[in-house]
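Visitor: heads up, no residue letters with this:
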């Protein structure tokens, strides 16, 4: 079975890497276009609403992980005709959060408008509606990944980035240059991704025809992943909404939004390393020499990539400001804020890697420390928010401390064998461990 699963690995890896880079380029172009077309205050509103969306959407990656894992399991066990029933299984469970989000869009927009000091409820309502629709995307992506339909998977996962760029720029030029242009582009892009996923699953007739049998452990794994990714989402993306809350001046929020976009470059670029590592270190709780070697390599690659990006952007802040916002010579205050954002967010890339390692190894206790870390960031920001740099100092301290805690919690010296799912080792003997690679 291993030979079948790993066939075409290089081709699929290159396909996913290329698709990811296309999406990254579209995201950069989107930020550049909106930064140039929208006034700073409107750009701040747009980034605040997109930050709110990321806080909700990022934990839903847990659905992708669970859907991919169990879809691959069904396929490997010759139960591929149960996949459509498995999709329905998750659609029924996701209907409740979708309804809650739609209700919040219509009945809870006013409190959020006041919290973020917005002039109207339109941005909040449109954002929450787009989030409700996007709940289905992680499920569709995960199922297609588990079925190894990688072309359809990349279309479903990244179509929104291309469509959002085109739609947002067209709306800003032809309609009005406000945050609503970017938010409508986001909503249209999400609809495109959902449509791609539905068409893909509809074309796979071999996935239909049988009811779903029992899948042990699915809810437990999903719950653990959801909690971990929720904490990481809050820690990673709550800074812009909090800045919008504590600094009512739209100019301050807009300038910070620009700095945070550049700061996140050192955080986002190494993320594919964690995604590539995940299946290579998956186990039921044991860490062998192979896992340790892969983790060390991933840590070194992540530190090298994020560190290089952070140093370059810190030395030449005018380049990203010029490319994204047309400001080749930002004033000293903006430069100082940009550098603070870069180094405060740099530890988040390593934190994402370590959290993925712990989840891949089915260990959630240490990974759940990200929840009190997120709470510490919120509490620290409530105390220290005299300036945007104070908020970034709190973020950097909390993120760095959490990375240290996770490094100390990793079981570097656990038994050097990996149990199989049936409780045996690689030799089939339930009492002996296989030699590590």
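Guide: Arrived safely, thanks for sending. Note that the structure is predicted; figures quoted are calculated from it, not measured.
Visitor: gap between stretch 389-403 and the chain center?
Guide: 19 Å (C-alpha atoms, centre = their mean, to the nearest Å).
Visitor: Please identify the buried residues of it?
Guide: By 16 or more other C-beta atoms under 10 Å, the buried positions in stretch 389-403 come out as 389-396, 398-400, 402-403. C-betas here are computed from N, CA, C, even on glycine.
Visitor: How about the secondary structure of residue 211?
Guide: coil (DSSP: H, G, I helix; E, B strand; the rest coil).
Visitor: Residue 147 contacts residue 204, doesn't it?
Guide: Yes - contact criterion C-beta atoms under 8 Å: residue 147 and residue 204 qualify, at 7.0 Å.
Visitor: Show me whatever sits in contact with both of the two.
Guide: residue 83 (C-beta atoms under 8 Å, 6 or more residues apart in numbering).
Visitor: More neighbours: which of the two?
Guide: residue 147 (22 against 16; other C-beta atoms under 10 Å).
Visitor: Nearest to residue 273 among the buried residues of stretch 389-403?
Guide: Ranked by distance to residue 273 (C-beta to C-beta), the buried residues of stretch 389-403 are led by residue 403 at 15.0 Å.
Visitor: What's the separation between the closest one and residue 351?
Guide: 5 Å (C-beta to C-beta, to the nearest Å).
Visitor: And residue 193, by the same measure?
Guide: Taking C-beta to C-beta, one finds residue 193 at 27 Å from residue 351.
Visitor: quick one: residue 211 from residue 261, how far?
Guide: With C-beta to C-beta as the criterion, residue 211 and residue 261 are 47 Å apart.
Visitor: Please identify which of these two sits among more neighbours.
Guide: Taking other C-beta under 10 Å, residue 211 and residue 261 do not tie; residue 261 has more neighbours (25 against 10).
Visitor: My guess is the more buried one contacts residue 30. True?
Guide: No - look at residue 261 against residue 30 with C-beta under 8 Å: they stay out of range, at 10.3 Å.
Visitor: Just the buried residues of the helix or strand harbouring residue 223, please?
Guide: Residue 223 belongs to helix 218-237 when assigned by DSSP states H and E. When neighbours are counted by 16+ other C-beta under 10 Å, the buried residues of helix 218-237 are found to be 218, 221-222, 224-237.
Visitor: Just the buried positions in the helix or strand where residue 197 lies, please.
Guide: Take DSSP H and E as the rule and residue 197 turns out to sit in helix 179-203. Neighbour counts over helix 179-203 (16+ other C-beta under 10 Å) mark 179-194, 196-197, 200-201 as buried.
Visitor: Near the residue nearest to residue 41 when sequence neighbours are not counted, how many other residues are there?
Guide: Using C-beta to C-beta, 6 or more residues apart in numbering and skipping the chain neighbours, the partner closest in space to residue 41 is residue 250 (3.6 Å). Residue 250 is flanked by 19 other residues according to other C-beta under 10 Å.
Visitor: quick one: low-confidence ranges for the stretch 301-437 of the chain?
Guide: 413-437 (pLDDT under 70).
Visitor: what is the mean pLDDT for the helix holding residue 223?
Guide: Averaged across helix 218-237, the pLDDT comes to 87.
Visitor: Helix or strand next in line after that helix, which one?
Guide: By DSSP H and E, the next helix or strand past helix 218-237 is helix 239-246.
Visitor: and that next one, what does it pack onto?
Guide: Secondary-structure packing of helix 239-246 (3 or more C-beta pairs under 8 Å, 6 or more residues apart in numbering; DSSP states H and E): helix 40-57, helix 250-263, helix 370-383, helix 388-409.
Visitor: Of those, give the one that comes closest to residue 25.
Guide: helix 250-263 (14.5 Å).
Visitor: and the closest one, which residues are buried?
Guide: 250, 252-263.
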